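In: Provide a 3D model corresponding to the input given below.
(one chain, ligands or ions: 2)
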Amino acid sequence: MKTTIARIAIRDRDLGQQARAHLDNLTKPPGSLGQLERLAIELVEMTGQAFPAVVPPAVLVFAADHGVAAEGVSAFPQAVTAQMVANFVGGGAAINVFARQIGAQLEIIDVGVASEFPGGNIERGVVHEKVRPGTANFVDVDAMSRDEAERAIDVGIRAANRALDAGCNCLIVGEMGIANTTASSAVLAVLTGEEPARVVGQGTGIPQALLPHKQTVIERAIAARRPDRSDPVEVLAKVGGLEIGAMAGAYLGAAARRTPVIVDGFIATVAALLACRLCPGARDFMIFGHRSQEPGHAVALAALNAAPLLDLDLRLGEGSGAALAFPLVASATRMLAEMATFDSAGIAGSESRE
Ligand SMILES: O=C(O)c1ccc[n+]([C@@H]2O[C@H](COP(=O)([O-])O)[C@@H](O)[C@H]2O)c1
Ligand SMILES: Cc1cc2nc[nH]c2cc1C
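Out: Ligands and ions are numbered 1, 2, ... in the order given. Sure, this is the predicted structure:
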């Protein structure tokens, strides 16, 4: 982790200025492509390329279980994590559909699934990087040890490096883990100092009436574990999750290689906040794909000063919202590279008006 963080450089603002000038020469009123223009400049600054490439993208989905599921905080049983991993391998989940649509390489990483995969161990189709078979119930004991938290982050760094070594130019990072909205809310409450009441939500769809119970579970855990909010690895170890750590690692890995990464929904954004607390410079390489319906997402986005590209009422996870945002990111790069300039198209610019 330390060597990866040490490699994270700042954005190339000078090249961004040149991209601004180029954008203003393209055949459109200056600024008329709005946020897409800002996105294009950000991509230039991130990659250090005047004409950045984001294809092909890679989707990384980190799966893990959570001991806190035993508190009855999810609408679904823990076994669904392993069952959904089997579904990812079979190609039938939403992220499979969207990854195929955008021509993405898709990798599923088991960083801590607790239950057996249906039909036995899945040898092919899953990268086996299990740090431990699920976290412990953090109401009673720490979710994991500090060493395990660091190993989970390293799993994510390795996954990012594999995708980039394979020639992918943009990362889309997602997760699967029953009860991970409880862990994410706990991490977010600690990192931001917000009341758990402000960051708790229905996750997979628990009834409104169960929200006070979920909130109490988070409050009890934070009171018992007392994580030091200035130590992100400790927060992850005490009240976090293995896939949350791995996602944070993947963002660090992308940033270290100047590669844009599209952040998905609530859990993914809490992991992004964790990565930024480990290394503030990682923020410069993040694009926020969508605004999740989970109420804590707004808190996490505000903590990162982030404005997502889409708002589609999603609350799925898996990287689905980030994958849906990818075509916009690709459009920004194609606008830069393929649009004609006023000169090349023989069109009068606004400055030639009498
Ligand atoms: O990405 C989101 O914003 C999001 C919001 C709510 C739920 N999820 C997904 O639902 C699971 C966690 O929900 P829960 O209720 O089991 O904590 C996990 O697999 C996530 O991928 C994801
Ligand atoms: C079916 C199902 C699919 C998911 N994908 C991400 N989280 C999920 C949670 C459930 C329950």
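In: measure Asn137 to ligand 1 for me?
Out: Distance of Asn137 to ligand 1, given as Cβ to the nearest ligand atom, to the nearest Å: 14 Å. All C-beta atoms are positioned from the backbone trio N, CA, C, and that covers glycine.
In: mind listing what that residue touches?
Out: Gly67, Val68, Ala70, Glu71 (Cβ atoms under 8 Å, 6 or more residues apart in numbering).
In: now swap in Val200 and tell me
Out: Going by Cβ under 8 Å, 6+ apart, Val200 touches Ser185, Leu211, Lys214, Gln215, Ile218, Pro295, Gly296.
In: mind checking pLDDT for it?
Out: Model confidence at Val200, given as pLDDT, is 98.
In: out of everything not next to it in sequence, what's closest to it?
Out: Nearest non-adjacent residue to Val200, counting by Cβ to Cβ, 6 or more residues apart in numbering: Gln215, 4.7 Å away.
In: what about the helix or strand that neighbour falls within, near ligand 1?
Out: Gln215 is located in helix 211-225, with elements delineated by DSSP states H and E. No: Helix 211-225 lies apart from ligand 1 when judged by Cβ under 6 Å from any ligand atom; the minimum separation is 8.5 Å.
In: helices and strands around that helix, which ones?
Out: Other helices and strands packing on helix 211-225, by 3 or more Cβ pairs under 8 Å, 6 or more residues apart in numbering; DSSP states H and E, are helix 180-192, helix 196-199, helix 232-239.
In: What's the mean pLDDT across the helix or strand following the last one?
Out: Once helix 232-239 ends, the next helix or strand along the chain (criterion: DSSP H and E) is helix 242-256. Here helix 242-256 scores 99 as its mean pLDDT.
In: do helix 242-256 and ligand 1 meet at all?
Out: No: residues of helix 242-256 are not located near ligand 1 by Cβ under 6 Å from any ligand atom, the shortest gap being 8.7 Å.
In: Report all helices and strands that the next helix or strand after that helix contacts.
Out: Using DSSP H and E, the helix or strand that follows helix 242-256 in sequence is strand 261-263. Applying 3+ Cβ pairs under 8 Å, 6+ apart, one finds that strand 261-263 contacts strand 170-176, helix 242-256, strand 286-288, helix 320-338.
In: rerun that using 6 Å as the cut-off
Out: Judged by 3 or more Cβ pairs under 6 Å, 6 or more residues apart in numbering; DSSP states H and E, strand 261-263 is in contact with strand 286-288.
In: what angle separates the helix or strand following the strand it packs on from helix 180-192?
Out: Following strand 286-288 in sequence order, the next helix or strand is helix 296-303 (DSSP H and E). If you take axes from the mean of the first three to the mean of the last three Cα atoms, to 10 degrees, helix 296-303 sits at 30 degrees to helix 180-192.
In: Pull out the buried positions in helix 296-303.
Out: Of all the residues in helix 296-303, those buried under the rule 16 or more other Cβ atoms under 10 Å are Gly296, His297, Val299, Ala300, Leu301, Ala303.
In: Then stretch 134-141?
Out: Applying 16+ other Cβ under 10 Å to stretch 134-141 flags Gly134, Thr135, Ala136, Asn137, Phe138, Val139 as buried.
In: helix/strand/coil for the third one?
Out: Okay, so that is Ala136. Ala136 carries the three-state label coil when classified by DSSP: H, G, I helix; E, B strand; the rest coil.
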